[in-house]
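>>> heads up, no residue letters with this:
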């Protein structure tokens with residue numbers, strides 16, 4: 001039994017793969033974020049709408065009371081809507097002062113996305129900045145340069161066991177974006193099937209260019225908008241695999257990557 005527990009202690013679970021407003025609003029894909037288990041530490045990244053429901057529906061069930069930290073890459077609702085309920089769950093209704101919430105500075109202040117009563121529940125609320133290193137328990141992560149997005153936004157890079165993982169969250173493509181994300185596994189938010197001027201999200205062709213440049217061992221496409229769903233993400237991932245010679249997969253709700 002101990003061997004089984006140890007083998008399952010390092011993974012990433014996709015609680016949802018919805019991107020942007022309309023896929024999230026219609027719940028054509030779930031929007032629960034990413035659950036990362038690293039050694040003895042559990043971290044939830046970007047708890048969008050339904051995050052707590054997706055934890056309860058997971059098999060095996062994920063217990064938010066076991067969380068050690070919650071990370072917001074940015075304050076938009078498809079990434080942060082469930083932050084307050086997940087803080088309450090992490091701290092068992094506020095009766096156990098535990099855990100750290102990491103978030104950009106504009107998620108706080110006069111227009112804080114974290115409610116006043118919930119802000120007192122975690123051990124700490126840590127403001128994240130560009131290109132810094134942070135640690136909670138067995139989990140250490142680095143923040144990227146600031147992304148080009150309507151609010152303060154950072155991507156993440158971390159290690160699980162001996163595997164490096166990069167997460168490119170919402171951003172417009174810009175020169176130098178790829179440089180930070182050299183990793184064994186690259187997770188990319190791909191909202192559009194084709195580039196769209198004036199909207200700060202990545203397209204499929206831009207994701208392909210990043211994968212071509214970085215050549216990770218595996219690339220995972222996620223956070224799909226309507227045009228990506230119409231283009232069928234799994235078919236597009238298979239096409240990129242053949243074109244680039246890199247394994248590319250399309251995430252699905254509930255998908256788990258084991259390490």
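Happy to help now that I have it. These figures come from a predicted structure and were not determined experimentally. Numbering: from 1, shown residues only.

>>> Now for residue 54, how many residues are close by?
When counting by other Cβ atoms under 10 Å, one arrives at 24 neighbours for residue 54. For the C-beta atoms, the positions are set from N, CA and C on the backbone; glycine is no exception.

>>> thought it was touching residue 30?
Yes. The criterion here is Cβ atoms under 8 Å, and residue 54 meets it with residue 30 at 5.6 Å.

>>> Below-threshold pLDDT in this protein: ranges please.
Applying pLDDT under 70 to the chain flags the ranges 1-8.

>>> Apply 90 and report the result again.
Low-confidence segments of the chain (pLDDT under 90): 1-9, 20-21.

>>> mind listing the helices for it?
2-7, 20-26, 51-57, 77-80, 83-90, 116-119, 204-214, 226-231, 233-244 (DSSP state H).

>>> wait, which of those helices is closest to residue 259?
Minimum separation from residue 259 across those (Cβ to Cβ) falls at helix 2-7, 9.6 Å.

>>> on that earlier part again, take the helices of the chain and lay them out in CSV including distance to residue 136.
Output for the helices of the chain, formatted as CSV (distance: least, Cβ to Cβ, whole Å):
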stretch, distance to residue 136
helix 2-7, 20
helix 20-26, 27
helix 51-57, 18
helix 77-80, 18
helix 83-90, 12
helix 116-119, 18
helix 204-214, 27
helix 226-231, 32
helix 233-244, 31
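
>>> So which of those is nearest residue 41?
Nearest to residue 41, of all the helices of the chain, is helix 83-90, at 12.4 Å by Cβ to Cβ.

>>> Which other helices and strands does the closest one contact?
helix 51-57, strand 69-71, strand 100-103, helix 116-119 (3 or more Cβ pairs under 8 Å, 6 or more residues apart in numbering; DSSP states H and E).

>>> tell me, what's touching residue 54 and residue 30 both at once?
15-16, 253 (Cβ atoms under 8 Å, 6 or more residues apart in numbering).

>>> any chance of those in CSV, with distance to residue 68 and neighbour count too?
Below are the shared contacts of residue 54 and residue 30 laid out as CSV (distance: Cβ to Cβ, whole Å; neighbours: other Cβ atoms under 10 Å):
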residue, distance to residue 68, neighbour count
15, 17, 28
16, 21, 29
253, 24, 18
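
>>> give the contact list for residue 216.
Residue 216 touches 166, 182-186, 246, counting by Cβ under 8 Å, 6+ apart.

>>> Kindly recompute the last result at 7 Å.
Applying Cβ atoms under 7 Å, 6 or more residues apart in numbering, we find residue 216 in contact with 183-186, 246.
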